[in-house]
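Colleague: how would this look folded up:
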Amino acid sequence: MRGEVESELFSKFTFFIEQTVKTIRLDIAPVAAKQTLGSAESKKIVDAMESFMPMIATLPLDVGQRALALANSTVVASVERHLGSQEVKVVSTEGLLQLRVDLALIEQCLQKFTVFSTDTANDAFAPLKQLLDLFLYDDWATLFTTYTNADSVYKRVSLDTTAKRIGRQNQVERLRGNEDRS
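Modeller: Below you'll find the predicted structure:
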């Protein structure tokens, strides 16, 4: 019975995060002011985690560890899928900067619950942070020349997500070029 309840709880939590991440706008920054405020989406995720994780704390330690690992991996995987999805046509610098702020807020929230695990949100979020840096700093030369090195600054970047994002950007630019010629 307990296993079924945990499974249902984790399933609903994961679904909520995935659905919320899908609504994040990457083509514009929803916050016109300085990029220090979280978006409405990140606030929803943080609020959900702040209500979900304390409830989990009342259960055995292994359940809390699984919940923290699930929260970390779900956020990272959802954002990576969103970056590479067909629905995201354009990614602006402002949108990426906002995403960086949002991820920092979510990561900060998750770090409150590291009592469940020795792994930190930093470890789980590192590949996504590296991916954002790659796009924000337009640092392709470093990626291509050092990726196989053990000390590469982009060693944890998902090449699959990167390739999908580049392909999507190129497709949008080709479509714009065709429209300009018309």
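
Colleague: Centre-most residue in this protein?
Modeller: Val79 (3.4 Å; Cα atoms, centre = their mean).

Colleague: Spell out the residue ranges of the helices in the protein.
Modeller: 2-21, 40-57, 61-84, 93-111, 121-137, 140-146, 159-181 (DSSP state H).

Colleague: worst average pLDDT in those helices?
Modeller: Sorting those by mean pLDDT places helix 159-181 lowest, at a mean of 70.

Colleague: which ones are touching the nearest residue to Asp102 once chain neighbours are set aside?
Modeller: Leaving aside its sequence neighbours, Asp102 sits nearest to Ser42 (Cβ to Cβ, 6 or more residues apart in numbering; 3.6 Å). In short, each C-beta sits where N, CA and C put it, glycine included. Going by Cβ atoms under 8 Å, 6 or more residues apart in numbering, Ser42 touches Val101, Asp102, Leu103, Leu105, Ile106.

Colleague: Against Phe16, how distant is Ser42?
Modeller: 13 Å (Cβ to Cβ, to the nearest Å).

Colleague: do Asp160 as well
Modeller: Taken as Cβ to Cβ, the span from Asp160 to Phe16 is 25 Å.

Colleague: Leu136 too?
Modeller: Distance from Leu136 to Phe16, by Cβ to Cβ: 28 Å.

Colleague: just Val46 next, same as before
Modeller: If you go by Cβ to Cβ, the gap between Val46 and Phe16 works out to 12 Å.

Colleague: Also Leu103?
Modeller: 17 Å.
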